[in-house]
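Trainee: build me a model from this:
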Amino acid sequence: MEIPLLQDIIVILGLSVVVILIFQRLKLPTILGFLITGIVAGPHGLSLVEASHEVEILSEIGVILLLFIIGLEFSLKSLSAIKKAVFLGGGFQVFMTIAVAALIALSMEYSLPRAVFIGFLFSLSSTAIVLNLLQNRREINSPHGKIALAILIFQDVIVVPMMLLAPILAGQTEDVAMTLLSLALKTLLVVGLVILAARYVFPRLLFEVAKTRSRELFILTIVVSCFSVAWLTSSIGLSLALGAFIAGLIISESEYSHQATSQVLPFREIFTSFFFVSIGMLLDVAFFYEHLIAVLGFTLLVFVVKGLIATFAGFILKYPPRVAILTGLSLFQVGEFAFILSKVGIETGLVSPVTNQYFLAISILSMGLTPLVMMASGNIINLFSSTQLSKGLAKFTYWNEKDTERENVQALADHVIIVGYGINGRNVALAAKKANIPYVIIEMNAETVKVEKAKGEPILFGDAINPFILEHVNVWSARVAVIAISDPAATKKIVSAIRSICKTVYIIVRTRYINEMEPNLHVGADDVIAEEFETSVEIFTRVLSKYLVPEEEIEQFVETVRNDNYQMLRPKSATGMSSLHIPNLRISSLTVKRSGNEIVGRSLEESQVRQKYGVTILAIQRDGDFLVDISKETKVLQDDIIYIMGNPSAITAFNKNVRI
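Mentor: Numbers count the residues shown, from 1 in each chain. Here you go, the predicted model:
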């Protein structure tokens with residue numbers, strides 16, 4: 001039996017392999033490859049694909065799975081945390097874009113209803129492209145990634161009222177109030193069902209499924225859950241993609257979300273490729289070439305207008321210039337839901353065929369430019385950071401700080417600078433506070449800064465990439481800088497910015513993955529701690545302890561593994577001061593707890609610490625005073641804090657004699 005769609009699938013996937021292979025060699029994004037594949041294979045290209053409608057259906061499945069996985073990576077709690085960004089940032093971006101686009105359309109002699117509808121079309125950005133790129137760049141949890149997600153969520157929700165308003169703008173609907181009231185009630189019903197399902201239904205269902213240990217049953221349950229919620233939201237007038245996102249949120253509340261993500265991910269990769277190909281198939285190549293100058297001009301206008309509005313949305317949410325600009329560079333394109341909306345516009349007579357072709361050409365071109373713009377975003381930010389405007393905006397951040405707060409920060413010396421106040425940053429601050437070590441926190445979330453400052457934390461709002469911020473916290477007099485943020489690109493820039501000002505501060509970086517260690521060491525970090533690596537260390541430590549391996553052997557093995565792995569990744573001149581890094585040498589502080597041995601109560605000449613243990617005592621802290629003039633007559637007493645230098649194994653052996 002012949003399956004007509006099978007031939008088209010083979011053509012699309014086969015051509016995609018060739019095109020993307022070429023794009024990979026040229027180091028171009030794969031999304032561009034899929035768009036080019038669609039243009040070549042589509043009805044306006046070589047007409048290699050006949051079942052265009054069926055391909056569109058496959059592409060819609062791809063969007064559903066993409067939004068489902070995004071939902072899995074969030075939770076109702078994390079979504080609640082960005083509600084301000086959703087409504088304030090998303091509302092500003094959408095309504096301001098509608099207003100500006102409508103004014104431009106009115107100046108081109110469009111009627112008011114058509115001008116407003118054109119504003120609807122251009123206010124929407126591409127959820128599929130932006131989130132896919134942010135995921136691939138590991139920036140979905142970065143500040144600009146969270147803002148972009150929040151604005152995209154608002155767009156996905158607002159597209160439904162836009163579709164309902166289309167007949168009203170065209171003068172085809174009479175009972176407007178009843179239509180809107182019906183939609184509001186349905187939405188509230190769905191939200192209520194989602195909360196109940198997330199708390200009571202799905203955790204129990206997934207538990208029962210997981211108990212069977214059937215991989216097939218687990219996958220089936222996850223997929224059915226995704227498409228069921230998507231269908232439910234679609235049936236009441238909301239978008240399929242929004243329903244898929246909600247389904248992901250529901251399952252994210254259970255402990256099975258990571259397994260669900262791993263099972264669905266391969267399907268998402270296949271179906272999202274059909275989405276990007278289907279978008280490329282819409283482009284009329286002949287129309288594009290005939291109106292090339294006009295299309296390029298309008299695309300540039302869309303880039304500037306939408307980019308600036310999204311940037312201002314970031315400013316309104318009180319984020320630094322770098323984050324706001326990255327948000328604008330992420331959301332300048334026209335989105336996939338605008339294509340669905342344009343079909344409604346054609347049906348209601350709000351969009352003419354010629355206008356629709358212009359819209360399609362501009363939209364696809366803006367989508368194709370998005371990966372390239374995001375790839376160049378780092379260079380754009382660097383260019384902006386070097387301008388006087390950037391420095392002026394950074395200083396403007398502190399207009400509302402009290403003079404006493406500024407003086408307290410500027411008086412810091414020998415302190416710890418903590419960049420990012422997430423879980424890691426909070427723990428570092430707590431440890432510093434307990435040890436009476438002065439510290440200051442740099443955070444980009446304005447709400448967090450406001451709350452923590454009210455609690456008395458030495459925290460300030462700012463972007464640590466900006467030299468003014470680093471100078472403000474006296475980076476040149478700090479002993480340690482800890483960078484604990486979830487933005488790999490920003491982390492490297494912060495390390496470089498610190499090193500451009502100060503060569504002596506010890507920089508400790510937290511990363512998620514091992515492959516992020518070497519780039520940070522290369523730009524100047526002294527220590528890079530990868531969560532991926534440290535988790536593996538914790539796992540094998542617990543495994544060895546269960547096999548009753550002696551603790552000292554486990555500690556020695558852990559030390560060896562850490563030294564081997566971290567030393568292997570460290571470049572020879574990470575900070576330009578390689579001569580200061582002596583291999584396998586450490587300075588540690590120990591508290592003397594044990595009495596009645598050959599060390600405690602004796603002079604260094606009598607105990608022969610250096611000869612027996614291979615460590616050198618540099619200083620002793622006793623009763624709050626520091627003894628730095630260490631001689632052979634110096635005695636080590638109980639409760640002393642001693643500062644010693646030696647290799648890790650020697651320090652471990654010495655530690656047993658003074659503490660156990």
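
Trainee: residue contacts, the residue lying closest to residue 422 once chain neighbours are set aside?
Mentor: Excluding its sequence neighbours, the residue lying closest to residue 422 (CB to CB, 6 or more residues apart in numbering) is residue 484, at 6.3 Å. Every C-beta, even on glycine, is put in place using the N, C-alpha and C of the backbone. Taking CB atoms under 8 Å, 6 or more residues apart in numbering as the contact definition, residue 484 lies against 418, 419, 420, 422, 424, 425, 428, 510.

Trainee: go again using 10 Å as the cut-off
Mentor: Neighbouring residues of residue 484 by CB atoms under 10 Å, 6 or more residues apart in numbering: 418-429, 441, 491, 508-511, 529.

Trainee: pLDDT score assigned to it?
Mentor: Note on residue 484: pLDDT of 90.

Trainee: give me the pLDDT for residue 438.
Mentor: With respect to pLDDT, residue 438 has a value of 90.

Trainee: residues contacting the closest residue to it other than its chain neighbours?
Mentor: Leaving out its chain neighbours, the residue that sits closest to residue 438 by CB to CB, 6+ apart is residue 415, at 4.0 Å. Residue 415 sits next to 409, 432, 437-440, 458, 473-475, 477-481 when contact means CB under 10 Å, 6+ apart.

Trainee: try it again with 8 Å
Mentor: Neighbouring residues of residue 415 by CB under 8 Å, 6+ apart: 437, 438, 439, 440, 474, 477, 478, 479.

Trainee: that one and residue 503, how far apart?
Mentor: 17 Å (CB to CB, to the nearest Å).

Trainee: and the strands in the stretch 451-600 of the chain, which stretches?
Mentor: For the stretch 451-600 of the chain, applying DSSP state E, counting those that start in this stretch gives strands covering 459-461, 480-483, 506-511, 527-530, 586-591.

Trainee: and the last one, what does it pack against?
Mentor: Under the contact criterion of 3 or more CB pairs under 8 Å, 6 or more residues apart in numbering; DSSP states H and E, the helices and strands touching strand 586-591 comprise strand 641-646, helix 648-659.

Trainee: quick check: buried residues in the last one?
Mentor: For helix 648-659, the buried set under the neighbour-count rule, 16 or more other CB atoms under 10 Å, comprises 648, 650, 651, 653, 654, 655, 657, 658.

Trainee: same thing with the first one?
Mentor: Within strand 641-646, the residues that qualify as buried by neighbour count (16+ other CB under 10 Å) are 642, 643, 644, 646.

Trainee: which of those residues lies closest to residue 469?
Mentor: Nearest to residue 469 among the buried residues of strand 641-646 is residue 643, at 32.5 Å by CB to CB.

Trainee: so in terms of bridging, what pairs with that closest one?
Mentor: Applying DSSP bridges to residue 643 gives these bridge partners: residue 589, residue 619.

Trainee: quick one: contacts for it?
Mentor: Applying CB under 8 Å, 6+ apart, we find residue 643 in contact with 587, 588, 589, 617, 618, 619, 620, 621.

Trainee: likewise residue 326?
Mentor: 144, 314, 377, 381.

Trainee: now these as CSV including pLDDT?
Mentor: Output for the contacts of residue 326, formatted as CSV (pLDDT from 0 to 100):
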residue, pLDDT
144, 88
314, 90
377, 87
381, 81
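
Trainee: which among these gets closest to residue 262?
Mentor: Nearest to residue 262 out of those is residue 144 (CB to CB; 26.7 Å).

Trainee: what about the residue lying closest to that closest one once chain neighbours are set aside, helix or strand, and which?
Mentor: With sequence-adjacent residues excluded and distances taken as CB to CB, 6+ apart, residue 144 is closest to residue 326, at 3.8 Å. Per DSSP states H and E: residue 326 is located in helix 321-330.

Trainee: measure how buried residue 433 is and give me the count.
Mentor: 13 (other CB atoms under 10 Å).

Trainee: what residues does stretch 271-284 touch?
Mentor: Stretch 271-284 is contacted from outside by 12-13, 16, 31, 34-45, 49, 52, 55-56, 58-66, 128-129, 132, 336, 339, 357, 360-361, 364, 367, using CB under 8 Å, 6+ apart.

Trainee: which of those residues are buried? Put it as a ChimeraX command.
Mentor: Only the buried entries of these go into this ChimeraX selection, using 16+ other CB under 10 Å:
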select :12,16,31,34,35,36,37,38,39,40,41,42,44,45,49,52,55,56,58,59,60,61,62,63,64,65,66,128,129,132,336,339,357,360,361,364,367
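
Trainee: inside helices: which ones of the contacts of stretch 271-284?
Mentor: Applying DSSP state H to the contacts of stretch 271-284, the entries found in helices are 12-13, 16, 31, 34-41, 52, 55-56, 58-66, 128-129, 132, 339, 357, 360-361, 364, 367.

Trainee: give me the contacts around whatever helix or strand residue 310 lives in.
Mentor: According to DSSP H and E, residue 310 maps onto helix 292-316. With contact meaning CB under 8 Å, 6+ apart, helix 292-316 is reached by 88-90, 92-93, 96-97, 100-101, 104, 122, 125, 144, 147, 151, 288, 321, 323-334, 358, 361-362, 365-366, 369, 373.

Trainee: determine how far it lies from the middle of the whole chain.
Mentor: The chain centroid and the centroid of helix 292-316 are separated by 23 Å under CA atoms, centre = their mean, to the nearest Å.

Trainee: so what's residue 528 scoring on pLDDT?
Mentor: For residue 528, the pLDDT comes out at 87.

Trainee: contact partners for it?
Mentor: Residue 528 makes contact with 508, 509, 510, 511, 516, 517, 520, 521, 566, 569, according to CB under 8 Å, 6+ apart.

Trainee: ok, residue 512 next?
Mentor: Here residue 512 is in contact with 138, 486, 488, 530, 531, 532 (CB under 8 Å, 6+ apart).

Trainee: among the residues you listed, which ones are buried?
Mentor: Buried subset of these (neighbour count, 16+ other CB under 10 Å): 138, 486, 488, 530.

Trainee: now, which of those sits nearest residue 629?
Mentor: residue 530 (40.6 Å).

Trainee: could you double-check that the closest one lies in contact with residue 520?
Mentor: No. Residue 530 is not in contact with residue 520 according to CB atoms under 8 Å; the separation is 9.7 Å.

Trainee: what touches both of those two?
Mentor: Residues touching both residue 530 and residue 520 by CB under 8 Å, 6+ apart: residue 511.

Trainee: any idea how far residue 549 lies from residue 655?
Mentor: For residue 549, the distance to residue 655 (CB to CB) stands at 19 Å.

Trainee: and the pLDDT at the nearest residue to residue 355 once chain neighbours are set aside?
Mentor: Using CB to CB, 6+ apart and skipping the chain neighbours, the partner closest in space to residue 355 is residue 118 (7.6 Å). We have a pLDDT of 94 for residue 118.

Trainee: which residues touch residue 118?
Mentor: 101, 102, 105, 110, 351, 355, 359.
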